[in-house]
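Participant: Fold the following.
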Amino acid sequence: MKLSPSFSRIILTTFLTASIFINSNAQEKKKFIVNGYVGGYRGQVNVAEIDAKKLSHINYAFVNVKDSAAFLTNLKTDSTNFRKLNELKKINPDLKIMISIGGWSWSENFSDAVLTPSSRKLFAKSSVDIIRQYDLDGVDIDWEYPAMRGEEGNIYRPEDKQNFTLMFKDIRAELDKLEAEKGRKYLLTAAVGGSKSFVNNTEMAEVAKILDYILIMTYDYGGKTVNHHTNLYPSRGMETGSSAHKSVMDFMEAGVPASKLGLGAAFYGKSREAESNTNNGLNQPQISGSKAVAGQGGGYGKMKNEFINKNGYKRHWDRHAKAPYLFNSETKVFITYDDERSIKKKAQYIKKHKLAGIFFWEYFNDPEENLLNAIDKTLN
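Facilitator: The predicted structure is shown next:
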C-alpha cells in the first residue's frame, strides 16, 4: 500500500506534535532535591551503605570553624571520607558532595570569623580551599545561630545579622573564582533555624539572592508543653505554635522564593515527659529536666526496633499536625518523630507549594531506608 504525499505529511506532523508534547512534559517535570546529611564527625563513613541513586546531594557534617578559618578537625578520616563519597558519583553522576560547616557543636566561632572584612575573606577562602583540594561540589553553612544564643558558650553579637549576608557574598566570590578555574558550577547553601527569630535576626531576602538553596531545619521544635518536634502543621489548640508550614511561610514572607526552600525531615525521635496522661500527653505541661526520657527515642531504626508499639509505647497519629507520636501511659513519656506517613505528607507539601525539595538529618538513622524510600516514591 502506498500513502499519498498529503497523508504522509499528516502522519509526520502528528508524530512530531506528539513528540514535542511528550518531551515538553518530561522537561516540565520538576526534579526535587533530596539532600541527606552524613555524619563524618563520628569517623569513618560506611559509604557502601549509602543509596546514592536516591539522593541528589550529600552534606558532609561537619567542618569546624577555628581561628577565622574552616578547619578539618579529623583530617585523616575526613580526607578518606571525601574520596569515598566522591566514588558514589560512579553510581549517580549527578550527585553533589558538599561540606557543611558548623552545626550545633561547632558554631561558637562563626561570629568572630565573619566580624571583619579580613576575617571574612580568610574564612571564605579556607572554606573554598577545602572544596578545591578534595574536588567537592559546594559549601553549606550551618550557623546555629547568628545574633542569637545557640549552644552554651557560643559567641554572638548584633552585627551577626549583616555579617551573615556579607559572609555569603565572600564565599560566593571565592566559589566564582573556582568556577573560572574549573569551568563548572559550585553550590552555596545554608541550613537555617525554623523560628521567626532566625528570620528576624538575618537578612533573608538578600541572602536568598546569593544562595542556591536554603534548608529550613523544620525539626527540633520545642516549648513548655509536650508537642511535636517536626510537625507539618500545628496541633489542634496549638495554632500559634511551631510547624514546618509556619516556618516556610515566615521565610517566604521574608523574601525567599519557594523554589529555593528545602523542607527538613527528622530521621530520629525526641522524648518528653508529660505531667498527665490527658490526650495521651499531647499539649500537656512538660516536666523539665525529666530523667524518665533518658535513652528514649533516637534514630528511626532504633525507634522501629524498640519503641513503635513496643515496650509500653502506643503509636498515635495527629491528623491536624500530620505527625505521628508515641505515648507510654505508665511512664508518661511522649516520643515525637517522623515516619513513612508523615514523610509522605511532607513530600506532598513540597510538590504542592513548589519547594526545592527535602533534606534530612541524619542518613544512617534509617538503615533500612524506610523513610528514604517514602521520599523517593513520593517525590519521583
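Participant: Just say helix, strand or coil for Lys314.
Facilitator: Taken by DSSP: H, G, I helix; E, B strand; the rest coil, the conformation at Lys314 corresponds to strand.
Participant: Identify the residue nearest it in space, chain neighbours excluded?
Facilitator: Of all residues not flanking Lys314 in the chain, Phe327 sits nearest, at 6.1 Å (CB to CB, 6 or more residues apart in numbering). Where you see a C-beta, it was placed from the backbone N, CA and C, and this is true even at glycine.
Participant: Checking my notes, that neighbour in a helix, right?
Facilitator: No: secondary structure of Phe327 (three-state DSSP): strand, not part of a helix.
Participant: Kindly state the pLDDT recorded for it?
Facilitator: Per-residue confidence (pLDDT) for Phe327: 98.
Participant: Against Gly295, how distant is it?
Facilitator: 17 Å (CB to CB, to the nearest Å).
Participant: When these two are compared, which one has more neighbours?
Facilitator: Using other CB atoms under 10 Å as the criterion, Phe327 and Gly295 rank with Phe327 on top: 21 against 9.
Participant: This protein: strands as residue ranges?
Facilitator: Taking DSSP state E as the test, the strands found in the chain are 33-39, 57-66, 69-71, 96-102, 138-142, 187-193, 213-217, 261-266, 268-273, 298-299, 313-318, 323-328, 333-336, 357-361.
Participant: right, and the ones you listed - which one's nearest His245?
Facilitator: strand 261-266 (9.5 Å; CB to CB).
Participant: Just checking: what are the partner strands of the closest one?
Facilitator: strand 213-217 (parallel), strand 357-361 (parallel) (DSSP bridges).
Participant: thinking again about what came up before, now distance to Lys246 too, for the strands of the chain, in JSON lines please.
Facilitator: Below are these laid out as JSON lines (distance: least, CB to CB, whole Å):
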{"stretch": "strand 33-39", "distance to Lys246": "22"}
{"stretch": "strand 57-66", "distance to Lys246": "24"}
{"stretch": "strand 69-71", "distance to Lys246": "32"}
{"stretch": "strand 96-102", "distance to Lys246": "24"}
{"stretch": "strand 138-142", "distance to Lys246": "21"}
{"stretch": "strand 187-193", "distance to Lys246": "13"}
{"stretch": "strand 213-217", "distance to Lys246": "10"}
{"stretch": "strand 261-266", "distance to Lys246": "12"}
{"stretch": "strand 268-273", "distance to Lys246": "19"}
{"stretch": "strand 298-299", "distance to Lys246": "26"}
{"stretch": "strand 313-318", "distance to Lys246": "15"}
{"stretch": "strand 323-328", "distance to Lys246": "14"}
{"stretch": "strand 333-336", "distance to Lys246": "16"}
{"stretch": "strand 357-361", "distance to Lys246": "17"}
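Participant: between those strands, which one is nearest to Arg157?
Facilitator: Arg157 lies closest, by CB to CB, to one member of the strands of the chain: strand 57-66, at 15.2 Å.
Participant: how about that closest one: buried residues?
Facilitator: Residues of strand 57-66 classed as buried: 57-65 (neighbour count, 16 or more other CB atoms under 10 Å).
Participant: Over to stretch 209-229?
Facilitator: Quick answer for stretch 209-229 (16+ other CB under 10 Å): 209-221, 225-229.
Participant: average pLDDT across it?
Facilitator: Averaging pLDDT residue by residue across stretch 209-229 gives 97.
Participant: Same question for stretch 273-291.
Facilitator: On average, stretch 273-291 scores 97.
Participant: I'd like the distance from that stretch to the chain centre, please.
Facilitator: Centroid separation between stretch 273-291 and its chain, computed with CA atoms, centre = their mean, to the nearest Å, is 28 Å.
Participant: sorry, back to before: I'd like the buried residues of strand 57-66 as JSON lines, with distance to Leu178 appended.
Facilitator: Output for the buried residues of strand 57-66, formatted as JSON lines (distance: CB to CB, whole Å):
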{"residue": "His57", "distance to Leu178": "18"}
{"residue": "Ile58", "distance to Leu178": "19"}
{"residue": "Asn59", "distance to Leu178": "18"}
{"residue": "Tyr60", "distance to Leu178": "17"}
{"residue": "Ala61", "distance to Leu178": "22"}
{"residue": "Phe62", "distance to Leu178": "21"}
{"residue": "Val63", "distance to Leu178": "16"}
{"residue": "Asn64", "distance to Leu178": "21"}
{"residue": "Val65", "distance to Leu178": "20"}
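Participant: nearest to Tyr186, of the strands paired with strand 261-266?
Facilitator: Among these, strand 213-217 sits nearest to Tyr186 (CB to CB), with 13.0 Å.
Participant: which residues sit against the closest one?
Facilitator: 33, 35, 140, 187, 189-194, 204, 207-208, 244, 247-248, 251, 256, 260-264, 356-357, 359, 361 (CB atoms under 8 Å, 6 or more residues apart in numbering).
Participant: tilt between it and strand 138-142?
Facilitator: Angle of strand 213-217 versus strand 138-142, following axes from the mean of the first three to the mean of the last three CA atoms, to 10 degrees, is 30 degrees.
Participant: What angle do strand 57-66 and strand 213-217 make with each other?
Facilitator: Between strand 213-217 and strand 57-66, the angle formed by their directions is 80 degrees, by the same axes, to 10 degrees.
Participant: tell me how far strand 213-217 is from the chain's mean position?
Facilitator: 6 Å.
Participant: so it versus strand 33-39, what angle?
Facilitator: 60 degrees.
Participant: give the contact list for Pro146.
Facilitator: Counted by CB under 8 Å, 6+ apart, Pro146 has contacts 110-111, 156, 160-161, 163-164, 198, 201-202.
Participant: and what of Pro257?
Facilitator: Pro257 is in contact with Ala208, counting by CB under 8 Å, 6+ apart.
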